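**Q** Quick one, fold the following:
(3 chains)
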Amino acid sequence: MTLLSVQNLNIFFDLPEARVRAVENLNFSVRSGEILGIVGESGSGKTQAVLSILGLLASNGYSEGSVRFEDRELLNADERELNKIRGAKIAMIFQDPMASLNPYLRIRTQMIEVLVRHLGMNSKDALQRAIDVLDRVKIAGARSRIHAYPHEFSGGMRQRVMIAMALLCNPRLIIADEPTTALDVTVQAQILVLLRELTREANVSILLVTHDLGVVAEICDHVLVMYAGRMMEYAGVNEIFEHPYHPYTQALLRSIPRIDHEKNEKLRVIPGNPPDLLHKPKGCPFSVRCERCFDRCTTHPLEEKQMKGARRVACHLDPT
Amino acid sequence: MFLSRTKNNLGDLENFSPIDSRSLWQDAWRRLLKNKAAVVSGFLLLCFVFLIVFGPMFSAHQYDELDFESISSPPDLSGHLFGTDGLGRDLFVRTLMGGRISLAIGLIATLVSLVIGVSYGAIAGYLGGKIDAMMMRFVDILYALPFMFFVILLTVVFGRSIVLMFIAIGAVNWLDMARIVRGQTLGLKQKEFVEAARTCGVTPFGIIFRHIVPNLLGFISAYVTLTIPQVILVESFLSFLGLGVQEPETSWGALVNQGTQEMGTAPWSLIFPAVFLTVTLFCFNFIGDGLRDALDPKDHR
Amino acid sequence: MSSGPDVKSSKPLLKVEDLVVRYPIASGKLFATNRFFKAVNGVSFDLNRGEVLGLVGESGCGKSTLARTLLRLVEPSVGKIYFNGENLVGLSPKILRKTRQKMQMIFQDPLASLNPRMTVGTIIAEPLGVYHNNLGRDEISQRVGTMMERVGLSPSQINRYPHQFSGGQCQRIGIARALILQPDLVICDEPVSALDVSVQAQIINLLADLQRAMGLSLLFISHDLSIVKQISDRVMVMYLGKIIEINQADALYRVPKHPYTQALIQAIPIPDPKRSGDRPHDIVMGELPSPLNPPTACMFHPRCPIATAQCRQEVPALKVSGDSGRGSVACHLA
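**A** Residues are numbered from 1 along each chain as shown, chains lettered A, B, ... in the order given. Okay, here's the model as predicted:
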């Protein structure tokens, strides 16, 4: 069942120099119980795309297209409508948990507030529920730790608290923006296991935004690769990693050093730098760095092509 | 042989779009020109300076010339443009001459406090440790001296003079500058480019004046444009209290002081200097705000 | 790189002995600072000529402090740092400056490491001005231009300012500045972690190329074990200010001896869904303890899945581990 469906999403920003398009004709959907990974580099528009779902774009940005969640249209819905959904049906986890927790309030206060506001629980039930959720994200001694302040938790524990906050109202979808980027690898592994378990047990879907292909391979079901505001390739996680189709995906996978590979050869490099939004190349945004670029790539706008299975690709090369 | 190896690294030369080399200063200047209030203020200020410098030369009257024919006479386009004061002195010339002194004190005292304050603050902040602690305690002690008491003491000992005004105001103003610059330096010191300079073997002196101070200049220049009106105001205040410039020399503050005494009979003797003073202060403040916005690093993408 | 070992002479270029960096902990009381936090806690190692030595560890393990101490940007509390046979600790600033021109550093944040008010040319030329102030203007700009070409920048960009470059290009500028004095040792502190994924490989390859071509020694610091594996001859693993394992890169990755090294390697997500599914995840529990109040004895014991009573009582020494004779590990059970 499709939980979230994003169609023809376009996001613009008004910069002092000009208006730029940060996301261009983006289409994707999230099924219930699925983890969809959106991978991209900085400036690929991945974060803006998910922020627009909850109407959280910066004040100089606006969006066009359609974002349907369950049977409601979210894009440009009014604030009151969105507030009912934010935190309740769709929850969000950010890279820096400290930035989204109020340092002056106890965890207890912050969690209970959410429950009282969204579900109208009384504070005694709310406290019990908060403790249960902290247990669920494996915070040891939840009953006493809930009285602590955010700074009394370590980085990984804070991220667990954030996940617990996200789970409070039994959301259908969690949007996680680089949830493990600020964490050490050993802690990252723990958090990834936790996220995977949650989708199995709580039947929650996760929209995971990351730049780390390793994280994607670890927990995602489907992957959407973005570059310079465009979808380059979408496929199941196995297909993407085994048979990457798009030259960008291929090049990216070849260029990252891997711990499971012998170090005998040099890394295959992608030349150049990601384009900035003000100077996007004509045609395919990757064309200037692409080793298989031909004349059509630099002149004609990209179109999405449906391939075998669920795979979709935006590339001028013939699908052979 | 070497180049062929790094050939694929050269790939990004080609897709580098031609951009002019623009320094942060040029960027800031461009942003400042977009700020209407600052541009108008700058223009007004330039007009004032021009008037103050050259105006008295073209006037038929001297600033200390007494005209007993027309004591406290109202403004008159053919005679005394701004009228005269209780001693029959031409107010137009006196206002411009007062402007010379007010602006001179504002600029020179600020410049003095700038040079001392920036060097002192940057050195204390960069060297840190005991030196910093000692230098800043000294500043604290000077801070603790009551300013008015200090000025009165100076005037009692040395008599009233303009030079004394420079010393008195500068001596107090650099303390603020030193404190602020030290705070900024502490932040900049942690930056990697300062560490990089240290690894390259640049001496502490070189780091302070090549790396730290240039990066403070934007901030300082905004602060300075806000300091100048403050200094002018302090001078006016002192002159108002009778501690400032000596007659027949005058400043805006002294003129306003005199004007208030004759306010009932000759309101023009208050209005003209007060307008000049206020407009100048406004202009400096608008320019300062504009500069601060233009140089705000948060604005850079 | 594989050519590393045969370039090296018998004497190490850099020899660090029992280095300790302590910071006083503000105790809240006005004058009492009798407690110390040891950011680097008794580190010893050698770095040979022409060798790339990797240093890995999680955030807060003291790897950046160690790097800065080697250059004496941070003063060591105890210990010796021999560079080219000369102990840097205790040298006067003047002599230190002379000795240090053969040691350079590349920083993590490429843009922050460049003075925003200077042009690229001035930035790269700055070390020349310090050490070769007899050089003429033309000579300097010619050397800067050559160096820019070597790191993959066009000399025509010499008058631009850092903010006009992308992250990868800024890092190239940083590399050019570090190499213009033709140093023997370059300390790279997380040189690619602030860069985009598609640009990281360019910088890694560039560093590897330059290292080989100029016969550099590198101390390559990163939290990312895959990147360290790509470039290093030998690798050290640091945990809470101590080196807990050091070995040839291939041996360390093939047979990690210390349980912490094992955990680190296992925790890295592999971009291959087939392989990531079947490996154990839960091998290491918990998180890095607060360095202000570190565990006693073996510092890893609270998180170690195989800790014994001995681990809770005795500090394990870094000792040569059996078979290969080249690696050392600080674990009672290895």
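
**Q** List the backbone torsions phi and psi for the residue in the stretch 151-300 of chain C that chain A sits nearest to.
**A** At 3.1 Å from chain A, residue C:269 is the closest residue in the stretch 151-300 of chain C, using C-beta to the nearest C-beta. The C-beta positions use only the backbone N, C-alpha and C, and glycine is treated the same way. Taking degrees, to the nearest 10, you get phi -70, psi 130 for the backbone angles of residue C:269.

**Q** unless I'm mixing things up, it is touching residue A:220, no?
**A** No. Here residue C:269 does not reach residue A:220: they are 10.8 Å apart, not a contact under C-beta atoms under 8 Å.

**Q** OK, contacts around the closest residue to residue A:169 other than its chain neighbours?
**A** Leaving aside its sequence neighbours, residue A:169 sits nearest to residue A:88 (C-beta to C-beta, 6 or more residues apart in numbering or on different chains; 4.4 Å). Residues near residue A:88 by C-beta atoms under 8 Å, 6 or more residues apart in numbering or on different chains: A:118, A:119, A:169, A:171.

**Q** so the third one sits in a strand?
**A** What it means is residue A:169. No. Residue A:169 sits outside any strand when classified using DSSP: H, G, I helix; E, B strand; the rest coil, being coil.

**Q** Quick one, grab the pLDDT at it.
**A** We have a pLDDT of 88 for residue A:169.

**Q** Provide a list of residues in contact with it.
**A** A:87, A:88, A:89, A:91, A:114, A:115, A:118, A:119.

**Q** give me that answer again for 6 Å
**A** A:88, A:118, A:119 (C-beta atoms under 6 Å, 6 or more residues apart in numbering or on different chains).

**Q** just the second one next, same as before
**A** For residue A:119, the residues meeting the contact criterion (C-beta under 6 Å, 6+ apart) are residue A:169.

**Q** Against chain B, how distant is it?
**A** Separation of residue A:119 from chain B (C-beta to the nearest C-beta, to the nearest Å) stands at 39 Å.

**Q** cool, the first one as well?
**A** With the distance defined as C-beta to the nearest C-beta, residue A:118 ends up 34 Å from chain B.

**Q** hang on, the earlier thing: could you dump the contacts of residue A:169 to a markdown table with pLDDT and secondary structure?
**A** Listed next are those as a markdown table, based on pLDDT from 0 to 100; DSSP: H, G, I helix; E, B strand; the rest coil:
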| residue | pLDDT | secondary structure |
| --- | --- | --- |
| A:88 | 86 | coil |
| A:118 | 86 | helix |
| A:119 | 87 | helix |
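
**Q** Of the residues you listed, which is the nearest to residue C:138?
**A** Nearest to residue C:138 out of the contacts of residue A:169 is residue A:88 (C-beta to C-beta; 69.1 Å).

**Q** Find the pair from the contacts of residue A:88 with maximum spatial separation.
**A** A:119 and A:171 (11.7 Å).

**Q** now the one helix or strand residue B:186 maps to, how far from the centre of its chain.
**A** Assessed by DSSP states H and E, residue B:186 sits inside helix B:162-189. Distance, stretch centre to chain centre, for helix B:162-189: 12 Å (C-alpha atoms, centre = their mean, to the nearest Å).

**Q** do the following helix or strand past it and chain C meet at all?
**A** Counting by DSSP H and E, the next helix or strand C-terminal to helix B:162-189 is helix B:192-199. Yes. Judged by C-beta under 6 Å from any C-beta of the partner chain, helix B:192-199 comes into contact with chain C through B:192, B:193, B:195, B:196, B:198, B:199.

**Q** got the contact list for the fourth one?
**A** In this structure, residue B:196 makes contact with residue C:113, judged by C-beta under 6 Å, 6+ apart.

**Q** cool, the last one as well?
**A** Counting by C-beta under 6 Å, 6+ apart, residue B:199 touches C:71, C:104, C:105.

**Q** next one: the first one
**A** Residue B:192 is in contact with C:107, C:109, C:112, C:113, counting by C-beta under 6 Å, 6+ apart.

**Q** quick one: which of those residues is nearest residue B:165?
**A** Within the contacts of residue B:192, the smallest distance to residue B:165 is 43.4 Å, found for residue C:112 (C-beta to C-beta).

**Q** And the closest residue to the closest one other than its chain neighbours, what's its pLDDT?
**A** Of all residues beyond its chain neighbours, the one nearest residue C:112 is residue B:192 (4.6 Å), with distances taken as C-beta to C-beta, 6+ apart. Note on residue B:192: pLDDT of 88.

**Q** can you check residue B:299 too?
**A** On the pLDDT scale, residue B:299 is placed at 44.

**Q** cool, and residue A:68?
**A** The model's pLDDT for residue A:68 equals 93.

**Q** Next SSE downstream of the one helix or strand it maps to?
**A** Element membership for residue A:68 (DSSP H and E) is strand A:61-69. Per DSSP H and E, the first helix or strand lying C-terminal to strand A:61-69 is strand A:72-73.

**Q** For the next helix or strand after that following strand, buried residues please.
**A** As assigned by DSSP H and E, the chain's next helix or strand after strand A:72-73 is helix A:79-85. In terms of neighbour count (16 or more other C-beta atoms under 10 Å in any protein chain shown), helix A:79-85 has its buried residues at A:82, A:85.

**Q** again, but for stretch A:285-292
**A** Buried residues in stretch A:285-292 (16+ other C-beta under 10 Å): A:285, A:286, A:287, A:288, A:289, A:290.

**Q** swap in stretch A:302-310?
**A** By 16+ other C-beta under 10 Å, the buried positions in stretch A:302-310 come out as A:302, A:304.
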